[in-house]
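A.B. asks: here is my input; please provide its structure:
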Amino acid sequence: MLRLRDGTLLIATGAGLASWGGRQLVRLQGTGLDGIRCNSLAQDSRGDIWVGTRQGVWVGRGGRFEARPVPGKTPGNVYQVLVHGEQVLAAGANGLWSFPVVGPPLPVSGPPGVGDPLRCAAFLPGELYLGTATQGLFVRRGEKWQSLTDQVQGRFIYRLTVAPSGILYVATNDAGLYVRKPGQRTFQHWDTSTGLPSEVVNLAFEDREGGLWVGTDIGGLAHLGGTQVSNYSDKQGLPNSCVFGISPGPTSDSLWVGTLQGLALLEVRPKPQVLEILDQQDGLENGLVWESATTRDGTLWIRTDTGVQYRPKGQKRVLSLKGAPFDSADVFAVRIDEQDRVWVTSSSRRCPVAMLDGSGPWRVWTQTESGVPIPSCRELAGRRAGGVFASAGLTILACDGNTVVEVGTTPGLDPGTGINTLLEDSRGQLWAGGVSGLTVRRTDGKWRTVTEEEGLTSRHIYSAAEDGKGVIWLGTTHGAFRLHPNGRIESVTPDDGLASWEMNEGAIWRDPAGDIWMGTINGLSHCRDVAQAPNQIPARMVVEAAALSGRTVDFPTGLNLDWKSRTVTFRVAVLSFRNRNRVGYRARLEGLESEWLPISRLPELRYTNLPPGSLRLLLQSTNDSGLWSDITALPIRVAPP
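C.D. replies: The predicted model follows:
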């Protein structure tokens, strides 16, 4: 596709050209290209349009095109035409050719020994990149060609794109997408293991809001915005796609992943792969693994749906726990603190909190230092001052290995609901989440409840973690949320690449790189917070239709209503590529309403029994960064009775 200077979109198709003027797709006839497969489009500085087709290069203006044949060659398939300065470059079955303004095309020498059809080309300052059908990617610097197969493993280079950001995107049909940023010599590689829906990539495109769209031939369309998400499921070797506890593996580049059917050791870098799976054949009493933790001597602790077990370092077999002061089936949580001590909470009054320091024995607390009985405990979290925090109902306890003291009772959560997750962040704030919401104990000791009005639209909190930038991530029953230090709250949903809407309890982990891993009912999601500047492009506001009694007006620019047709339903849309679930609009019917209605994300806006006279529907959209657009006005005239 090519956007012309007048704003029209020109489209190359398998049978000629088509155009889109904003409302209707029109097949262009009588151009000279009727019935010819068109592959590529470009417009030069003079306004001429160049077309790469199955029958060579064509050029035209004003709707008529003529062939520009290559001397001594049968017209062959031209896959790309590219404007660079005052020359037009064509890559195809007949090689690489330069088309001057006047005179015949001139051959351009390609890489020595490459007889492939040349699929695509791209210019960067001082460099010419060339993609082939079977021999990969080449670059010319000066007069010397160099193969880049050591960096770009794909051999079928389908398209090269230099985006407005200066990033070079290399779309391959056999190895995903390769990305080279300005100032870098090496390429990043994205494929199915890092979240792309397919490794057959046809196109990468940056929209005006900075989002990246990747078109594939099998898996559909992928979108990369402010959060880059990669997903892992049984398709990548996990024993089951329903993921629960996540904990560090034996190296900084590995994780233990608890699932519905066993525990998997996942190596995440340099290329993700499952190294080991533990299941009931290895001694697990139950396949559902809620969580795991590893001490410094390599002992792996595992909590399944029926109890706690362990595996000594160097052994394959998982062993049952003997001689513990608690019933294994009563255990709620297992954690390892910074002092390498094992902590356990349970529902038993005999052993609500227990700690194992080294080889033993277990130490048990049944009451706080002030003598208050501890009925049972549930959640555990690491404590910066040493030891752990534990939840007992809505009360939070601090356990340092010597004493257990009460920190306080969380306000804002419904009594009797309990706490699902605890987190002490890097600033010393203590977060507590449950089925009735989220509350935080600030460093001044005061508690504050995070409300729906602030943007936390899911009240059922499963898990919490802090990433390397100080952002608090929450796993909920309706996607994930990011709580920024400045108070801004953003949702992360399947629209952003998340594996599922529903997270699992306790299924969250921050790795040494500062990335967040989240377990969902449909896979493991690896979330990287990609640096993204505030969106300075206002979202467009469009009235797509006005539904009246017995008729619909598409894309109205004004309405004249009779007295009997005073009820109107407007179908409206906020057009934004970036973070579509975080845009909205406000409305006001001038002449009837004196104030703006609350911000809405609903696609319909309904008014009934409009008064006679002149009215104006005012609409204003807001983008994901809170930037308001200009006001869109739709005049309405209602006739008197």
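
A.B. asks: ok, how many other residues are close to Val405?
C.D. replies: Val405: 12 surrounding residues under other CB atoms under 10 Å. C-beta here means a position set from N, CA and C on the backbone, and glycine is covered the same way.

A.B. asks: and the strand or helix carrying it, what's buried?
C.D. replies: Using DSSP states H and E, Val405 falls within strand 404-409. Residues of strand 404-409 classed as buried under the neighbour-count rule (16 or more other CB atoms under 10 Å) are 404, 407.

A.B. asks: let the chain start at 43 from now.
C.D. replies: Sure, I'll start counting at 43 from here, so that last one is strand 446-451.

A.B. asks: let's see that strand as CSV, backbone CA atoms only.
C.D. replies: The C-alpha atoms that make up strand 446-451 are tabulated as CSV, following Å, rounded to 0.1, in the frame of the first residue of the first chain:
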residue,chain,number,x,y,z
VAL,A,446,6.2,-12.5,65.7
VAL,A,447,4.7,-9.1,66.0
GLU,A,448,1.5,-7.6,64.7
VAL,A,449,2.0,-5.0,61.9
GLY,A,450,-1.7,-4.1,61.7
THR,A,451,-5.1,-5.0,60.3
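
A.B. asks: please state the offset of it from the chain centre?
C.D. replies: Relative to the centre of its chain, strand 446-451 is centred 38 Å away, using CA atoms, centre = their mean, to the nearest Å.

A.B. asks: partners of that strand, with directions?
C.D. replies: Sheet pairing of strand 446-451 (DSSP bridges) gives strand 437-441 (antiparallel).

A.B. asks: off-centre distance for the partner strand?
C.D. replies: How far strand 437-441 lies from its chain's middle: 36 Å, per CA atoms, centre = their mean.

A.B. asks: same thing with stretch 626-634?
C.D. replies: Going by CA atoms, centre = their mean, the spacing between the C-alpha centre of stretch 626-634 and its chain's C-alpha centre is 33 Å.

A.B. asks: contacting residues for Ala246?
C.D. replies: By CB atoms under 8 Å, 6 or more residues apart in numbering, Ala246 lies in contact with 201, 203, 205, 211, 213, 219, 221, 254-257.

A.B. asks: what are the phi and psi values at Gln278?
C.D. replies: Dihedral angles phi and psi of Gln278 (degrees, to the nearest 10) take the values phi -100, psi 10.

A.B. asks: surely it meets Pro314?
C.D. replies: Yes. Taking CB atoms under 8 Å as the definition, Gln278 is a contact partner of Pro314 at 6.5 Å.

A.B. asks: let's see if you can find the most crowded of the contacts of Ala246.
C.D. replies: Using other CB under 10 Å as the neighbour definition, the contacts of Ala246 reach their maximum at Ala213, which records 27 neighbours.

A.B. asks: so how far is Ser478 from that residue?
C.D. replies: The gap separating Ala213 from Ser478 is 47 Å, by CB to CB, to the nearest Å.

A.B. asks: repeat that for Gly58.
C.D. replies: In terms of CB to CB, Gly58 sits 61 Å off from Ser478.

A.B. asks: do you know the pLDDT at Pro683?
C.D. replies: On pLDDT, Pro683 comes in at 88.

A.B. asks: that one contacts Arg608, correct?
C.D. replies: No. Taking contacts as CB under 8 Å, Pro683 lies outside contact range of Arg608: 9.7 Å.

A.B. asks: for those two, indicate the residue with more neighbours.
C.D. replies: Under the criterion of other CB under 10 Å, the comparison of Pro683 against Arg608 puts Arg608 first, with 19 against 8.
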